[in-house]
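> structure for the following, please:
(one chain, ligands or ions: 1)
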Amino acid sequence: MGQNIYGVDIGTSNFKMCCKDKDKIINEKNIIAIANKKDILAFGDEAYEMYEKAPEHIEVSFPVKFGVIADIENMQTLLLRFFNKMNDDKKFTGNTDFYIAVPTDVTEVEKRAFYELVADSKVKAKNIYIVDKPVADAIGAGLDVTKSKGIMIVNIGAETTEISVLSLGGIVISKSVKIGGNKLDDSIISAVRKVYNLIIGSKTAEGLKKELGSAVQAEETFAPGFGRNVLSGLPVSVDISSDVIYSAVVDPLHSIMDSIKVILERTPPELAADIIKNGIYVSGGTSNIRNLEKFIHQETNLAVNIVENPAESVVRGLMGVVSNPDFAGVAYTPQDKNYD
Ligand SMILES: Nc1ncnc2c1ncn2[C@@H]1O[C@H](COP(=O)(O)OP(=O)(O)OP(=O)(O)O)[C@@H](O)[C@H]1O
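So this is what the prediction gives:
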């Protein structure tokens, strides 16, 4: 009988899982495709291929909305599928412990749902621990969260941005706003329709964001956008300008900036001094957008550190908690926090 330890970061757009004994991270779309309301056709990246393309009898859905679990049954199925994939579909017979990253600025019931998801699932976890997502995020960024030093970490995901100030292994302030990469995609869809009379899907918008997106205005480049012309109704390909994409993404980025400024204003002065010295740490998939560092620096005058491989920072941090005894104190059970 072996024992293995898994870390999970259940995001709105992406599911991330790692395992202590395997040098492997699963990072796939958190999505499931079900036919005739009962047959699982595909999950993860394979199901995402079907998104916005499937006929009526196939439902392709994301079970997490705005960072919280909206569809427990499908999320449990996905957890088990990803767990089996991590184990190469071989039956694992030993003990399994789970470390789950949980957002902080949500209700206790919503937090507890993450615990129950794993507790009630067929992964048969022996022990389940919770780590606050911003704490795991900072550890994944390579920071020592246990010191009496203020750390500001901003995670810009798909539907939420979590802005937190940490010290001594705990959260001093944390605020979650419902703006992330998906808002940028929606904004691109509207702009492309307005400027080019072109209706595009969300996958095309996401592709344009990755290819042309920038948080500050940069030299104009073009990429093809495939969609349907509003007037003729016919499918067409149009060369989309990076200037149009920039104008679309800058508004939601400014809204995120406003929330960062609010948290900076509320940060106790001694911790603010540490943030001035060390800068702001930025993670989450959306922090991959070009020139974000420059944009946040222009707005705050603070140094900005974009975390390496920012979408996987939280799940890396969970493995940091497991492997470094100095971080043992940041993991807890619902009983410890009385949200039982
Ligand atoms: N190169 C890139 N440029 C811009 N955005 C990107 C890039 N790569 C990924 N993204 C965006 O990152 C987002 C996914 O990030 P992440 O995996 O951190 O989110 P999540 O954890 O699923 O969401 P949430 O934190 O809201 O629950 C998507 O909106 C995606 O389009």
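
> helices of the stretch 101-250 of the chain, start to end?
For the stretch 101-250 of the chain, applying DSSP state H, counting those that start in this stretch gives helices covering 108-119, 133-140, 181-196, 202-212, 242-266.

> what's next to stretch 327-340, contact-wise?
Applying C-beta atoms under 8 Å, 6 or more residues apart in numbering, the contact partners of stretch 327-340 are 99, 108, 111-112, 115, 128-132, 135-136, 139, 145-146, 169, 320-321. The C-beta positions use only the backbone N, C-alpha and C, and glycine is treated the same way.

> switch the cut-off to 6 Å
Among residues not part of stretch 327-340, those counted as contacts by C-beta atoms under 6 Å, 6 or more residues apart in numbering are 108, 112, 115, 129-131, 135, 169, 321.

> show me what counts as buried in it.
For stretch 327-340, burial by neighbour count (16 or more other C-beta atoms under 10 Å) applies to 327, 330-331, 334.

> returning to what we had before: pull out the buried members of the contacts of stretch 327-340.
Of the members of these, the ones counted as buried by neighbours, 16+ other C-beta under 10 Å, are 112, 115, 129-131, 135, 169, 321.

> quick check: the farthest pair among those residues?
For those, with distances taken as C-beta to C-beta, the pair at the greatest spread is Arg112 and Gly169 (21.6 Å).

> tell me the residues of the stretch 1-150 of the chain that contact the ligand?
Taking C-beta under 6 Å from any ligand atom as the measure of proximity, the stretch 1-150 of the chain contacts the ligand at 11-14, 67.

> closest one of those to Glu73?
For these, the nearest to Glu73 is Thr12 (17.4 Å; C-beta to C-beta).

> could you look up the SS state of the closest one?
Here Thr12 is coil, with the state taken from DSSP: H, G, I helix; E, B strand; the rest coil.

> I'd assumed Thr161 was in contact with it.
No. Between Thr12 and Thr161 there is no contact under C-beta atoms under 6 Å: 11.4 Å.

> quick one: which of those two has more around it?
A direct count of neighbours by other C-beta atoms under 10 Å for Thr12 and Thr161 places Thr161 higher, at 28 against 21.

> who touches the more buried one in this structure?
177, 179-180, 256.

> what do you get for Gly213?
Contact analysis of Gly213 by C-beta under 6 Å, 6+ apart lists 245, 249, 289.

> pLDDT, neighbour count and distance to Gly207 for those - can I get that in CSV?
Converted to CSV, the contacts of Gly213 look like this (pLDDT from 0 to 100; neighbours: other C-beta atoms under 10 Å; distance: C-beta to C-beta, whole Å):
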residue, pLDDT, neighbour count, distance to Gly207
Ile245, 98, 25, 11
Val249, 98, 24, 14
Ile289, 98, 19, 13
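
> how many neighbours does the residue in the stretch 1-150 of the chain that the ligand sits nearest to have?
The nearest approach of the stretch 1-150 of the chain to the ligand comes at Gly11, 2.3 Å away (C-beta to the nearest ligand atom). With neighbours defined by other C-beta under 10 Å, the count for Gly11 comes to 28.

> could you pull out the strands for the stretch 1-150 of the chain?
Ranges of strands within the stretch 1-150 of the chain are 3-10, 14-19, 25-29, 32-35, 39-43, 58-61, 64-65, 68-69, 95-102, 127-132, based on DSSP state E, counting those that start in this stretch.

> sheet partners, orientation included, of the second one?
Using DSSP bridges, strand 14-19 pairs in its sheet with strand 3-10 (antiparallel), strand 25-29 (antiparallel).

> read off the pLDDT value for the nearest residue to Ile72 once chain neighbours are set aside.
Nearest residue to Ile72 in three dimensions, chain neighbours excluded: Leu117, at 6.3 Å (C-beta to C-beta, 6 or more residues apart in numbering). At Leu117 the predicted local confidence, pLDDT, stands at 96.

> now the one 3 residues further on
Model confidence at Asp120, given as pLDDT, is 94.

> cool, and Asn338?
Looking at Asn338, its pLDDT stands at 61.

> which residues of the stretch 151-300 of the chain lie near the ligand?
With the criterion set to C-beta under 6 Å from any ligand atom, the stretch 151-300 of the chain comes near the ligand through 157-160, 180-182, 206, 209-210, 213, 284-286, 288-289.

> mind running it again at 5 Å?
Contact residues, the stretch 151-300 of the chain versus the ligand (C-beta under 5 Å from any ligand atom): 157-160, 180-181, 206, 210, 284-286, 288-289.

> what's the burial count for Asn4?
Asn4: 16 surrounding residues under other C-beta under 10 Å.

> separation between it and Lys147?
30 Å (C-beta to C-beta, to the nearest Å).
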